[in-house]
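> Have a look; sequence and predicted model below, questions after that.
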Amino acid sequence: KNVFAYKIQALVFGGVIGTLGGFVFALSNQSVQPDNYATTITFFAWAVLILGGAARVFGPVLGSLIFWFLLIFTNLALSEAVRAGYITFISSTQVGQIRFILLGLSLMLLMIYRPQGILGDKKELALDAR
């Protein structure tokens with residue numbers, strides 16, 4: 001089997017899928033500007049991939065669902081806690097920054113204790129194939 005040909009096919013196929021995703025993203029914004037591709041989009045994509053596990057097909061799908069839930073849940077929970085007066089050391093405008101700090105900490109803990117992701121396997125991280 002020609003491994004190089006399979007790698008090139010996978011690279012081209014991934015590029016086509018990425019191109020289609022960029023095309024849909026550009027259509028949804030109705031324009032393409034460098035400001036549209038900020039660091040938050042890159043952070044979201046890597047976080048989704050790390051969370052679900054990169055070696056499984058449904059890993060990024062599960063990762064995106066969990067990531068979206070955590071993002072919305074922490075935003076709502078922190079906003080309501082500040083509004084109700086349970087949290088007094090931050091204001092309602094600082095909730096977004098605290099949300100990203102908590103998300104970053106949780107991703108750090110995930111990388112420390114489960115680096116292969118939720119659907120990943122320990123064998124994927126092995127250095128030798130024995």
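Received the coordinates, thanks.

> Give me the pLDDT value at the closest residue to Gly117 other than its chain neighbours.
Computed as C-beta to C-beta, 6 or more residues apart in numbering, the closest residue to Gly117 that is not its neighbour in sequence is Gly53, at 2.7 Å. Yep, even glycine has a C-beta here, placed from its N, CA and C like the rest. Gly53 is assigned 82 on the pLDDT scale.

> Neighbours of Gly53, how many?
By the measure other C-beta atoms under 10 Å, the count of residues near Gly53 is 22.

> Keeping just the C-alphas, turn the helix or strand of the chain with the lowest mean pLDDT into CSV.
None of the helices or strands of the chain scores lower by mean pLDDT, DSSP states H and E than helix 39-52, at a mean of 84. Provided in CSV are the C-alpha atoms of helix 39-52 (Å, rounded to 0.1, in the frame of the first residue of the first chain):
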residue,chain,number,x,y,z
THR,A,39,-7.9,34.5,17.9
THR,A,40,-11.2,33.4,19.6
ILE,A,41,-12.2,31.4,16.5
THR,A,42,-8.9,29.6,16.6
PHE,A,43,-9.2,29.0,20.3
PHE,A,44,-12.7,27.6,19.9
ALA,A,45,-11.6,25.2,17.1
TRP,A,46,-8.6,23.9,19.1
ALA,A,47,-10.7,23.6,22.3
VAL,A,48,-13.4,21.6,20.5
LEU,A,49,-10.8,19.3,19.0
ILE,A,50,-8.9,18.8,22.3
LEU,A,51,-12.1,18.3,24.2
GLY,A,52,-13.6,15.7,22.1
